[in-house]
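Participant: fold the following, please.
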Amino acid sequence: MLAAGCGDGGAASSAADGGRLADAGSDEQQLRACDVPEPCFESTALMVEGRVAHVLLFDCVIRGLAAGTPGRYLHATDSMWSDGSVGARHTLLLQEDGSALYTRAPHESGSPSVEVGEPRAQRCVLRPRSYFEACVAAFEGYVAVPFGTPPSQEAWTCAFGSGGAETASELDWFERCEDLSPIACE
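Facilitator: As a prediction, this is how the structure comes out:
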């Protein structure tokens with residue numbers, strides 16, 4: 001799917017304003033408001049009751065990152081249990097030069113209550129393409145069947161990162177990141 005724009009009514013940027021965004025809410029909302037292509041649907045890595053469950057729609061995202069295809073990539077990591085959940089929404093804008101603008105927006109509901117913090121935009125350097133190519137290889141043959149055979153540990157780490165049953169995950173896709181202020185789409 002290739003979708004220009006964000007469709008959420010957020011503030012837009014232009015070359016005339018240097019790509020800076022008007023106040024459009026949180027850093028995550030501002031990155032989602034950037035008028036850039038979305039080459040993939042949002043993907044999800046899901047853990048249920050502390051066990052790896054499945055990964056959905058991840059193939060496009062990981063192949064896009066391996067190829068260095070510019071655009072906005074959306075990925076969610078969630079851990080659900082009988083009385084709550086914890087997770088994170090990851091928004092990544094891959095730039096033409098290979099750098100990435102990124103937010104991690106943790107969320108939680110139910111019990112036990114966990115600290116999730118506020119999402120902050122960062123400018124990041126992605127790991128080498130060979131890392132993402134290894135992730136693609138780790139997913140070869142995996143079919144996302146709910147509650148079927150889970151992906152390999154290597155594939156799961158690519159899709160879920162760190163974190164666990166009661167902690168919002170952090171993706172291992174970056175060599176380094178630094179805070180980004182002010183937010184700019186380019």
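Participant: got the buried residues for the host helix or strand of Ser109?
Facilitator: With elements taken from DSSP states H and E, the one containing Ser109 is strand 99-110. Buried residues in strand 99-110, counted by 16 or more other Cβ atoms under 10 Å: 100-106, 108. Any C-beta I mention is one placed from the backbone N, CA and C, and that applies to glycine too.
Participant: quick one: strands adjacent to the helix or strand just after that strand?
Facilitator: Downstream of strand 99-110, the next assigned helix or strand under DSSP H and E is strand 122-126. According to DSSP bridges, strand 122-126 has the following sheet partners: strand 99-110 (antiparallel), strand 174-179 (antiparallel).
Participant: what residues of the lowest-mean-pLDDT helix or strand in the chain count as buried?
Facilitator: Least confident helix or strand, the chain: strand 162-164 with a mean of 76, by mean pLDDT, DSSP states H and E. Neighbour counts over strand 162-164 (16+ other Cβ under 10 Å) mark Gly163 as buried.
Participant: again with stretch 39-50
Facilitator: Neighbour-count burial for stretch 39-50 [16+ other Cβ under 10 Å]: 39-40, 42-48.
Participant: now swap in stretch 177-186 and tell me
Facilitator: Applying 16+ other Cβ under 10 Å to stretch 177-186 flags 177, 180, 183-185 as buried.
Participant: that'll do, ta.
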